[in-house]
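Engineer: Below are the sequence and a predicted model for it; my questions follow.
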Amino acid sequence: QLRLVESGGGLVQPGGSLTLSCVASGATLGGNAIGWFRQAPGKERETISCINSSNRRINYVDSVKDRFTMSMDDAKNTVFLRINSLKLEDTAVYYCAAENLALSCNLYRPGEYGNWGQGTQVTVSS
């Protein structure tokens, strides 16, 4: 059973940076598509980025692609999300998720991922 644990969130001032980690155990991430998602209070969970297991291509939602960088370390069975130039509207709980997807991960909604971490809170405030 794949288990995911996120960490790295916290309270950050606008303009700051964070690197979130998603450590997997119980199985290797390599055979799955992995996504980063976030959910702000009162809003639906949204996809931030995802990486395909087949070609390791990373997809970003347009609103974050200039500030967010997703990466994967197979040796550590970990995916990362680097967030630069944090904005107030980045405040949310950030989740990683994994799923064995047949098509490119950017074609799937959050609800189609079956393995989720517990999330890590990112709060951007001055």
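Structural biologist: Yep, that arrived. Numbers count the residues shown, from 1 in each chain.

Engineer: what residues are up against residue 50?
Structural biologist: For residue 50, the contact set (C-beta atoms under 8 Å, 6 or more residues apart in numbering) comprises 33-36, 58-59, 70, 105-106, 108. The way it works is simple: take the backbone N, C-alpha and C, and place the C-beta from them, glycine included.

Engineer: mind checking which helix or strand the residue positioned nearest the centre of the chain is in?
Structural biologist: In the chain, the residue lying closest to the centroid (C-alpha atoms, centre = their mean) is residue 36, at 1.9 Å. Assigned by DSSP states H and E, residue 36 belongs to strand 33-39.

Engineer: what sits up against that strand?
Structural biologist: 20, 22, 45-53, 68, 70, 72, 79, 81, 90, 92-101, 105, 108, 110, 113, 119, 122.

Engineer: Please point out which parts of the following helix or strand past that strand sit buried.
Structural biologist: Note on strand 33-39: by DSSP H and E, the next helix or strand toward the C-terminus is strand 46-51. Neighbour counts over strand 46-51 (16 or more other C-beta atoms under 10 Å) mark 47-51 as buried.

Engineer: now the strands: where do they sit in the protein?
Structural biologist: Using DSSP state E, the strands of the chain run over 3-7, 10-12, 18-25, 33-39, 46-51, 58-60, 68-73, 78-83, 92-99, 115-116, 120-124.

Engineer: Can you lay out the ones you listed as JSON lines showing mean pLDDT?
Structural biologist: Below are the strands of the chain laid out as JSON lines (pLDDT from 0 to 100):
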{"stretch": "strand 3-7", "mean pLDDT": "97"}
{"stretch": "strand 10-12", "mean pLDDT": "98"}
{"stretch": "strand 18-25", "mean pLDDT": "96"}
{"stretch": "strand 33-39", "mean pLDDT": "97"}
{"stretch": "strand 46-51", "mean pLDDT": "96"}
{"stretch": "strand 58-60", "mean pLDDT": "95"}
{"stretch": "strand 68-73", "mean pLDDT": "96"}
{"stretch": "strand 78-83", "mean pLDDT": "97"}
{"stretch": "strand 92-99", "mean pLDDT": "97"}
{"stretch": "strand 115-116", "mean pLDDT": "96"}
{"stretch": "strand 120-124", "mean pLDDT": "98"}
